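Novice: Got a predicted model here, sequence first, then my questions.
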Amino acid sequence: MTEVAAALIWDGDRFLACQRPANKARGLLWEFVGGKVEPGETREQALIRECREELAVTVRVGDIFMEVTHEYPDLTVHLTLFHAAIADGTPQMLEHNDLRWVTIQEMDELAFCPADEVILDELRRRGAPQC
């Protein structure tokens, strides 16, 4: 089982969606920024590191939005999606093919990774945060 930490980052009623590079597994599918938890790291530490590496931003990690376990043909992931906020920096495409701020209504226009489908269902149910 691969432990993965990811961030649900809001800007008003829009959240950050990232398109995977074409040359990686599940290439060009959309996802939440994040990645594998390395040995000796907490999930929160992994998320902070991944956001620096992939987006050149520093995030403040909040509460867990939800956890998902998903079996792909090549691996099983346990994904923890945290609420997070950008504390410093502006997202840059250091790793991803594209970045978009999307509303819950617009997210259906993007093809997300299968592990994220249950998360998208929960976003539809809860709606955007009330500011």
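Specialist: Noted; the coordinates are in hand.
Novice: Let's verify residue 118: helix, strand, or coil?
Specialist: helix (DSSP: H, G, I helix; E, B strand; the rest coil).
Novice: Tell me what the closest residue to it other than its chain neighbours is bridged to.
Specialist: Excluding its sequence neighbours, the residue lying closest to residue 118 (CB to CB, 6 or more residues apart in numbering) is residue 68, at 5.4 Å. Every residue, glycine included, has its C-beta placed from N, CA and C. Here residue 68 shows beta-bridge partners residue 79, assigned using DSSP bridges.
Novice: quick one: contacts for residue 68?
Specialist: Residues near residue 68 by CB atoms under 8 Å, 6 or more residues apart in numbering: 77, 78, 79, 81, 115, 116, 118, 119.
Novice: what's the neighbour count on the first one?
Specialist: Applying other CB atoms under 10 Å, we find 17 residues neighbouring residue 77.
Novice: Based on its surroundings, how many neighbours for residue 1?
Specialist: Residue 1 sits with 9 neighbouring residues when counted by other CB under 10 Å.
Novice: Kindly report the same for residue 5.
Specialist: Counted with other CB under 10 Å, residues neighbouring residue 5 total 29.
Novice: Please tell me how far it sits from residue 22.
Specialist: Distance, residue 5 to residue 22, by CB to CB, to the nearest Å: 24 Å.
Novice: Now do the same for the nearest residue to residue 78 once chain neighbours are set aside: its pLDDT.
Specialist: Using CB to CB, 6+ apart and skipping residues adjacent in sequence, the residue nearest residue 78 is residue 69, 5.0 Å away. Looking at residue 69, its pLDDT stands at 97.
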